[in-house]
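Asks: Requesting a structural model of the entry that follows:
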Amino acid sequence: MLFIPKLMIKISHEVPKALLEWSLDVNDYDYILPYFYKRSSDYAAFYQTAKSNGRFSILDNGLFEGETYSNLELVCLINELKPDIFIVPDEWNNSDATYKHAEKWSDLSNKLNLDTDLMIVLQGERFEEMFQLLYKCYQLGYRHFAVNHSSKAYDSHFQHNNPDVSKMMGRINFINYIQRRSTIPEECYFHLLGCTLPQEFMYYKGYDFIKSVDTSNPIILGLENILYSQFGQLVKPDLKMAHYFNWERSNLGGDEIGDLEMDTIQKNINTFKQMFL
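Replies: The predicted model follows:
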């Protein structure tokens, strides 16, 4: 097994069900998806046990998987799992609708597990909208914020023939935009939701306000036997983890997780973490 360095930024990679136990050794914390939690009793039981053993966890709201849950369903899930952070429902590229969710969940907070912090995704079609959402939610009392990897706002700030490069550079520019426009209070926690291209993270050295990252990128590419170069990749995989979720661990390969796939995954994870050093 390759040596995997420990970093100040917490990193979590979503994995197929067969690799959940293995993930405890390579992930710094647990990133939990309601999409799988609702569909797999094994997945649900695994993360219930992990949390009871003291693992730090972030609970997603399901938007990226195309799922919509009622506030009541989400409140029940939070109180069952007791995650350290829950990502408040948001709307793609819509700062006004996302702010309305933030207001609603500010009111709902008295119904939640007291140890769960609420996180706002900075949505909008322009950097200024996203920044104003940050400011308004801070005024509401929020201190945890997430920045997604694929905002419409990024397209106007960096244009490249490769749209994946445009998205990557767009988020880098937005993080710099936040830093230029404000002094980020020490109590603020920023999370990076997913990634378009892994080499993006080479540009965040010294950004101490970024506390955590989640992405399945090195896992999915490893399952397809695609090895990162030392400079990352130029194309984001089309398929999501749902496609691989039920793949079994074996030595056969194909639509299973063989030794070759595991070796590629390990190498990709190591290269990914080296991006931060």
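
Asks: now the helices for the stretch 51-200 of the chain?
Replies: Taking DSSP state H, counting those that start in this stretch to define them, one finds helices in the stretch 51-200 of the chain at 71-81, 95-108, 127-140, 163-181.

Asks: Please work out the average pLDDT along stretch 198-211.
Replies: Along stretch 198-211, the predicted local confidence has a mean pLDDT of 93.

Asks: buried set for that stretch?
Replies: Residues of stretch 198-211 classed as buried under the neighbour-count rule (16 or more other CB atoms under 10 Å) are 198-201, 203-204, 207, 209-211. Placement of C-beta: from N, CA and C, glycine included.

Asks: Measure how far it is from the centre of its chain, please.
Replies: In this view, stretch 198-211 has its centroid 14 Å away from the chain centroid, taken as CA atoms, centre = their mean, to the nearest Å.

Asks: picking up where we left off before, of the buried residues of stretch 198-211, which is the nearest to residue 101?
Replies: Using CB to CB, the shortest approach to residue 101 within these belongs to residue 211, at 21.9 Å.

Asks: Against which helices or strands is the helix or strand hosting the closest one packed?
Replies: Secondary structure from DSSP states H and E places residue 211 in strand 210-214. When contacts are defined as 3 or more CB pairs under 8 Å, 6 or more residues apart in numbering; DSSP states H and E, strand 210-214 packs onto strand 10-12, strand 189-193.

Asks: what are the pairing partners of it, and which direction each?
Replies: strand 10-12 (parallel), strand 189-193 (parallel) (DSSP bridges).

Asks: out of the ones you listed, which comes closest to residue 144?
Replies: Closest approach to residue 144 among those is made by strand 189-193 (4.6 Å; CB to CB).

Asks: who touches the closest one?
Replies: 58, 64, 85, 87, 117, 119, 121, 143-149, 171, 184, 201, 209-214 (CB atoms under 8 Å, 6 or more residues apart in numbering).
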